[in-house]
Structure formats: structure tokens, C-alpha cells
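Q: Sequence and computational prediction follow.
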Amino acid sequence: MKYILKNSLLAISSVLLLNSCESVDFGDINNNPNGPTAAVTSQLLTQAQKTVSTIGTHLTGILYTQQLTEGQYPGESRYATLTYNYNDYYTGPIQNLNEIIKLNSEEASKASANLYGNNNNQIAVAKILRAYILQFMTDRWGALPWTEAFQGIDNPQPKFDSQEELYNIMFDEVDEALSLINNNAGPKGDIIFNGDMSRWRIFGNSLKMTMALRISDANPSLAKSKFEEAVSSGNIITDNAQNILFKYGTDDASDSPWRDRFRTREDYVVSETMMEALRSNLDPRIFKFASPSRTGTATNPLFPDNLDLTYVGAPNGKVNGNVPDFSFPPADLISTPDIPTPIYTAAQMKLAMAEGAMKGWSVGENSETLFIDGIKASMSQWGVEDNEIESYISKYNGAPSITEIAYEKWLALYLNGPESWAEWRRLDSPNLTPSEFAGDPRIPVRHAYDSSVEDNNKTNYDLVVSQQGIDDLHTKLWWDKN
């Protein structure tokens with residue numbers, strides 16, 4: 001009886017306790033009174049802008065175009081990675097930018113968002129950045145989910161938009177952004193231009209020119225129209241003082257990725273392809289693009305007094321185990337925490353305009369002048385002396401060939417992986433020999449989708465593969481016609 005009575009009392013007590021818990025009001029005990037009650041657009045923007053740095057320093061294109069190669073652990077130099085995942089761009093920076101646009105557009109949130117900069121200027125910056133990230137993505141993978149993306153559980157299997165459709169979307173996005181820019185307050189949290197909207201006009205037009213030239217073989221009329229619109233706006237980069245740079249801090253949380261890469265490791269060395277091209281042309285940029293080797297010497301120094309003797313490139317994709325035998329990237333780049341990353345430069349834009357002039361586009365100057373100006377801008381950017389610049393450019397006479405423009409653009413885009421890889425694919429120049437150490441000795445021309453795409457969105461995956469081509473590293477993108 002005692003046992004039965006004891007258990008009965010325990011059961012009754014438990015029921016009473018449960019019932020009483022259901023009616024307890026804990027008030028706002030789980031609310032942080034100091035925390036934000038809504039998304040802060042300045043913080044969203046800062047986080048999204050950090051992706052500009054990761055794009056500008058993305059290594060894969062640098063290795064594919066044989067500007068650098070790897071030391072004792074070659075992987076990308078051998079084209080060993082077969083699939084790549086794009087999810088982080090969707091769930092991170094693009095989602096942040098979408099939210100900025102939403103908060104600055106909807107009536108219920110516009111007034112609050114306006115505290116962090118003029119609504120239209122915030123939308124404009126978000127749209128320019130969103131197009132910039134999307135171009136980087138589509139130039140890697142081709143077709144991507146976009147118009148049906150970002151719907152969460154309402155549409156977990158979005159369709160893919162073709163690369164041609166994505167470029168049309170990006171042009172519309174940039175044009176709309178440029179039309180929204182005004183003289184009111186720029187966005188807070190802008191770590192690129194500190195809210196200077198005149199600089200965002202130049203960023204938008206630089207992106208527009210780059211996109212236009214990229215599709216010039218796939219849609220010549222649209223390319224011409226958009227390129228000429230950007231040039232005629234006058235909001236373009238004309239000299240190195242206007243270069244668009246991503247700037248860093250000096251602490252570990254905000255310093256340059258290049259410094260982080262070399263802080264405790266020495267994984268990257270200058271490629272012999274780049275080094276021998278500079279050497280054979282007596283190009284003074286050899287002494288700016290690289291540091292002297294600590295222990296190695298070149299077998300064929302060509303500069304007067306053997307000045308280039310210790311500037312040594314490494315074979316692409318080889319296990320270059322004794323890295324001190326080779327030249328590293330510039331010492332200040334890998335040791336200075338706050339050395340900026342170029343995003344768009346005068347050299348890049350001048351050479352783009354030189355090609356435009358060759359095509360008969362209206363760019364204000366002839367191709368020869370623009371070509372020489374592009375070389376001068378590249379050399380000045382890297383600190384080459386004026387007399388050395390004049391000596392180098394004296395070898396070029398008359399209008400440049402497309403091969404000469406492609407070569408100088410390859411140099412001007414040194415360490416800008418995404419752009420150098422994209423322009424090399426579009427122009428098929430300079431002539432690069434694939435690594436002899438690669439399992440598949442072909443330089444990739446796109447990236448394959450991560451296996452999760454087929455697993456989670458098979459119907460649309462199968463459809464895009466049937467339209468775009470085999471999902472591997474060697475199916476050319478829509479704009480890659482040559």
C-alpha cells in the first residue's frame with residue numbers, strides 16, 4: 001500500500017507540475033535588450049563587400065593562367081578539383097544584398113533603412129555588388145538558378161537561367177543601379193568607398209565595360225551598345241589614381257589574404273610561364289611581379305649584368321618541393337597586412353578600350369594610343385621607372401594585334417585570377433601549355449557543379465546539362481566562342 005500510495009502521489013505531482021508550466025509566463029527573459037530588433041543594412045553591406053576581396057584574390061584563375069604555381073602540394077595547378085560548390089555565395093553575400101534592397105524598397109522599412117544612407121543609393125550599391133558577384137559566378141559555372149532562386153521552401157528546386165539570360169539580367173541590374181545614384185548620403189558600412197557615390201558610378205561602369213567586352217563574340221551588337229554607353233558616361237577609370245581597390249586593415253581580422261597565405265606556409269611561387277615571358281621580352285615588370293629566389297638561379301639570364309639571375313619560375317603542376325629555389329610573389333604583397341587588392345584598374349580599362357577601338361566601337365581614341373596607355377598604366381601601377389617604360393613600349397609600332405592586346409592584358413591582370421582566366425578563355429591567348437603533370441592535360445574552361453546540385457535538383461540539373469553541355473571542366477561557356 002505504501003508503494004502504491006507513493007507512486008500515485010508522484011504521478012499527481014507530475015501532472016500538476018506540467019499543467020503549471022504551461023501557464024508560466026517568462027516574459028522577455030530570452031530577449032536581449034541591447035540587440036537589434038531589425039536587420040541593420042550597414043552591417044549587411046560590410047559583410048557582403050568582403051566577398052569582393054575573396055573574388056579579387058581568388059587563386060584558381062591565377063593558377064590556371066600560369067601566373068603562379070604551387071610548391072610541394074600541387075592540386076589546382078594540376079586541375080585536380082573536379083566540382084565546385086556555389087552555395088556560400090547564395091546564402092551569404094547575395095542574401096545580404098537582397099535584404100538591403102528589400103529593406104530600402106518596402107514602405108514599412110524604408111524610413112528606418114534611410115538612417116544608414118539614402119534609400120536609392122543603398123539599393124544602387126547593392127545591385128552593383130550583386131551583379132559583380134553574379135558575373136564572377138556565371139563566368140565559373142555558366143547557367144545558374146537566379147530568377148527562381150531565394151524562395152526557400154516555397155521553391156527548393158529552382159530552374160537554371162542560361163548564361164545569356166544572366167548577362168541580360170546583369171546589364172539591367174547595373175543600368176538600374178546607375179540611374180538610381182544621386183547626390184544624397186551614400187550607404188554607411190561601405191568599406192570600399194566610404195559612401196562616395198561618384199566612385200560607385202565608376203565601379204558600375206567598369207563592371208558594365210567588362211561584361212560588354214566579355215560577350216563581344218556572342219552578342220556583338222549588345223556588347224557594342226553597352227560598352228559605348230559606359231565610355232560615353234565619362235564615369236570610367238582614366239588613370240591609376242582612379243583604380244578601384246579593396247583596402248585592408250592591419251589586424252588579423254581585416255588584413256590581406258595574401259599575407260595570411262604566407263604567414264606560416266610557402267605554398268605559391270611564380271610560374272615559369274610568367275617568368276620566362278617577362279624575361280624573354282626584357283620586361284622590367286619581372287622585378288616587380290616577383291621576389292628574388294633565396295637559393296636558385298636562372299639558367300638563361302637575359303638582362304644586362306644578369307640582373308634577372310635570381311628570378312626563377314617553377315614548372316606548372318610539378319611537386320616543387322624546395323620552394324626557396326623559386327621566386328615568390330612580391331615581398332611587400334605577402335608581408336604587408338594592408339596592401340590593397342586591385343579590382344578594376346586603368347591598365348585593364350585602357351586595354352579593353354583598345355580592343356573596342358579595333359572592333360570599330362566609339363571609344364574616343366584609336367587602338368594604338370589606348371594600347372600604349374594601357375601598358376604604361378600597368379607598369380606605373382607596379383612602380384616601373386619612366387625610362388624603363390619608354391624602352392619597353394618602343395618595340396610596339398602601329399595598331400596592335402589582338403594577340404598583342406591579349407598578352408599585355410594577361411600581364412595587366414597579374415594576380416587577378418577571375419579576370420585573367422575569363423579573358424584568356426575569351427581570347428585564347430597567350431598560348432599556354434597545360435601542365436604535363438595533370439591527369440587530364442587540358443586547362444579548364446569552366447567549373448562543374450557540386451554533386452549536391454544533381455542530388456537535390458535533378459530535373460533542372462538534367463535540363464541545364466542537356467542545354468549547356470556536359471557538366472565537366474571543359475564545356476565552353478556561352479560567351480567563349482573561339
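A: Everything's here; your move.

Q: Now do the most centrally placed residue in the chain, the pLDDT please.
A: Nearest to the geometric centre of the chain sits Ile55, at 2.7 Å (CA atoms, centre = their mean). Reading off the confidence values, Ile55 has pLDDT 98.

Q: That one in helix, strand or coil?
A: helix (DSSP: H, G, I helix; E, B strand; the rest coil).

Q: How about the contacts made by it?
A: Neighbour list for Ile55: 132-133, 136, 418 [criterion: CB atoms under 8 Å, 6 or more residues apart in numbering]. Placement of C-beta: from N, CA and C, glycine included.

Q: Tell me the one of those residues nearest Gly152?
A: Ile133 (19.7 Å; CB to CB).

Q: just how off-centre is stretch 372-385 within its chain?
A: 23 Å (CA atoms, centre = their mean, to the nearest Å).

Q: Also stretch 345-365?
A: Stretch 345-365 sits 22 Å away from the centroid of its parent chain (CA atoms, centre = their mean).

Q: now do stretch 251-268
A: For stretch 251-268, the distance to the chain centre is 18 Å (CA atoms, centre = their mean).

Q: tell me which residues in it are buried?
A: 255-259, 261-262, 267-268 (16 or more other CB atoms under 10 Å).

Q: Now, those residues that are in helices?
A: 257-259, 261-262 (DSSP state H).

Q: ok, back up a step: next, format the buried residues of stretch 251-268 as JSON lines and append pLDDT.
A: Converted to JSON lines, the buried residues of stretch 251-268 look like this (pLDDT from 0 to 100):
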{"residue": "Asp255", "pLDDT": "96"}
{"residue": "Ser256", "pLDDT": "97"}
{"residue": "Pro257", "pLDDT": "97"}
{"residue": "Trp258", "pLDDT": "97"}
{"residue": "Arg259", "pLDDT": "96"}
{"residue": "Arg261", "pLDDT": "95"}
{"residue": "Phe262", "pLDDT": "95"}
{"residue": "Asp267", "pLDDT": "96"}
{"residue": "Tyr268", "pLDDT": "98"}
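
Q: so Ala126 makes contact with Leu97?
A: Yes: in terms of CB atoms under 8 Å, Ala126 counts as a neighbour of Leu97; the distance is 4.3 Å.

Q: what do those two both touch?
A: Common neighbours of Ala126 and Leu97 (CB under 8 Å, 6+ apart) are 45, 48.

Q: residues in contact with the helix or strand encompassing Leu97?
A: Element membership of Leu97, judged by DSSP states H and E, is helix 95-105. For helix 95-105, contacts defined as CB under 8 Å, 6+ apart pick out 38-39, 41, 44-45, 47-48, 109-110, 112-114, 119-120, 122-123, 126-127, 129-130, 133, 150.

Q: What are the buried residues along stretch 229-239?
A: So, applying 16+ other CB under 10 Å, buried residues of stretch 229-239: 229-231, 235-237.

Q: and it, how far apart are its ends?
A: 19 Å (CA to CA, to the nearest Å).

Q: and if you look at stretch 395-414?
A: So stretch 395-414: terminal residues 21 Å apart, CA to CA.

Q: from the chain's centre, how far out does it sit?
A: In terms of CA atoms, centre = their mean, the centre of stretch 395-414 is set 23 Å apart from its chain centre.

Q: List of residues touching that stretch?
A: Contacts of stretch 395-414 with the rest of the structure, by CB under 8 Å, 6+ apart, involve 65, 67, 274, 277-278, 281, 283, 285, 289, 345, 347-348, 351-352, 354-355, 358, 366-368, 371-372, 374-375, 377-378, 419-420, 423-424, 427-430.

Q: list the contacts for Asn119?
A: Contacts of Asn119 by CB under 8 Å, 6+ apart are 104-105, 110, 113.

Q: Buried members of these into PyMOL, please.
A: In PyMOL syntax, the buried subset of those is picked out as below (16+ other CB under 10 Å):
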select buried, resi 104+113
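
Q: Could you point out which of the contacts of Asn119 is nearest to Tyr449?
A: Ser105 (31.5 Å).

Q: So that closest one versus Ser42, what's the distance?
A: According to CB to CB, to the nearest Å, Ser105 and Ser42 sit 17 Å apart.

Q: where along the stretch 301-450 of the chain do the helices fall?
A: 331-335, 346-358, 367-381, 386-393, 402-412, 417-427 (DSSP state H, counting those that start in this stretch).

Q: Of these, which is nearest Ala212?
A: helix 346-358 (8.4 Å).

Q: just the angle between that closest one and helix 417-427, please?
A: Put simply, helix 346-358 runs at 20 degrees to helix 417-427, going by axes from the mean of the first three to the mean of the last three CA atoms, to 10 degrees.
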